[in-house]
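J.: 3D model of this:
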Amino acid sequence: MLTIELSDHPGDLLSAATKRREAADKQVSKQYDRQLADARKLRDIARSQRKWLTWLRLAYRVRQHKQARPRTLSVPTDNEEILKAGIAGEQRVASELGAQLDDAWTLVHGYRNGRGEIDHVLLGPKGLFAIEVKNNNATVSIRGDVWEADKYDRYGNLREHYAIVDRGGRSPSVQLNQSADALESFLQTRGQHVGVQRVVALTHARSRLASQENLTVHVAVSTDQILGLVRAGGDSLDPNRCNAILNIIEHDHAFHEKRRARRTRRLRHG
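T.: Numbering: from 1, shown residues only. Predicted structure coming up:
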């Protein structure tokens, strides 16, 4: 299986979050060094002036300050850990698909259009598949486009209940369908009338799928289930059509990335 990476949005978010934390660590370290230097300076002044009680008090303060030196950098934030887990889930799906699919298949990672990003777009003889990866450590219930999660402790007690939505308030199925609909429509304008099969993959080892009603996407809790959907197939595509569709996807992604970059520059410059 050929793998093409168009973008790595989660990786970019993780890198930015890590840099912010490391910058904060450096600021704390600089502040500590300044405070220690100031304490030492006052101590030395007291000694030069033979103010022994003041010197003793300041020497004790310097000693306390040295003992309070930060010994390690701050640990990764919860947001960083969530991003890491999500990236690991995406990589695992890609790796396991690659181990089972031959070179007739192409996996496009990080395709983005005007409606959002699709983690993986899989293209091959059996059709076109949009795969959204979610890494929720929870039991997931789905009613149409409403996704909810229940998290239990080791004793089976419910500890947390929450809606599964992105920052725009979209459930995984809405998020995937909007992007996949846009891709499908754009392909049609370019003469490629192909359906986009939609799959949300729950990749966390403790993910469980509970009630399911009126699903608008396929839901898989293992890569084997994704492979089952792929082998069942959608549209039959020959190599020439696959190449044409891949070319359209890459150009569409590049177009929207340029638009996004221009919009970002305008916002930065007011």
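
J.: From here on, just use CA atoms for contacts and neighbour counts.
T.: Will do.

J.: Can you report how many residues neighbour Arg262?
T.: Per other C-alpha atoms under 10 Å, the neighbour tally for Arg262 reads 12.

J.: In three-state terms, label it for me.
T.: helix (DSSP: H, G, I helix; E, B strand; the rest coil).

J.: Tell me the pLDDT of it.
T.: At Arg262, the model reports a pLDDT of 82.

J.: Against Gly156, how distant is it?
T.: According to C-alpha to C-alpha, to the nearest Å, Arg262 stands 50 Å off from Gly156.

J.: Same check on Ala85?
T.: From Ala85 over to Gly156 the distance is 23 Å, taken as C-alpha to C-alpha.

J.: Which residue is the nearest non-sequential neighbour of Gln188?
T.: Of all residues not flanking Gln188 in the chain, Val194 sits nearest, at 7.4 Å (C-alpha to C-alpha, 6 or more residues apart in numbering).

J.: Test my guess that that neighbour contacts Ser236.
T.: No - assessed by C-alpha atoms under 8 Å, Val194 is found out of contact with Ser236, at 9.1 Å.

J.: picking up where we left off before, more neighbours: Ala85 and Gly156, which one.
T.: Legend: neighbour count by other C-alpha under 10 Å for Ala85 and Gly156, higher for Ala85 (17 against 8).

J.: picking that back up, three-state assignment of the residue nearest to Gln188?
T.: coil.

J.: Contact partners for it?
T.: 127-128, 184, 187-188, 235 (C-alpha atoms under 8 Å, 6 or more residues apart in numbering).

J.: so of those residues, which ones are in helices?
T.: 184, 187-188 (DSSP state H).

J.: of those residues, closest to Leu229?
T.: Glu184 (18.4 Å; C-alpha to C-alpha).

J.: Show the model's pLDDT score for that closest one.
T.: So Glu184 comes in at 97 (pLDDT).

J.: For it, list the residues it contacts.
T.: Counted by C-alpha under 8 Å, 6+ apart, Glu184 has contacts 193-196.

J.: From Asn214, how far out is it?
T.: 22 Å.

J.: what comes up buried for the helix or strand containing Asn247?
T.: Here Asn247 sits within helix 239-268, counting by DSSP states H and E. Across helix 239-268, burial judged by 16 or more other C-alpha atoms under 10 Å covers 242, 245-246, 248-250, 252-254, 256-257.

J.: ok, so of the residues you listed, who is nearest Ala59?
T.: Taking C-alpha to C-alpha as the measure, Ala59 lies nearest Glu257 of the buried residues of helix 239-268, at 58.6 Å.
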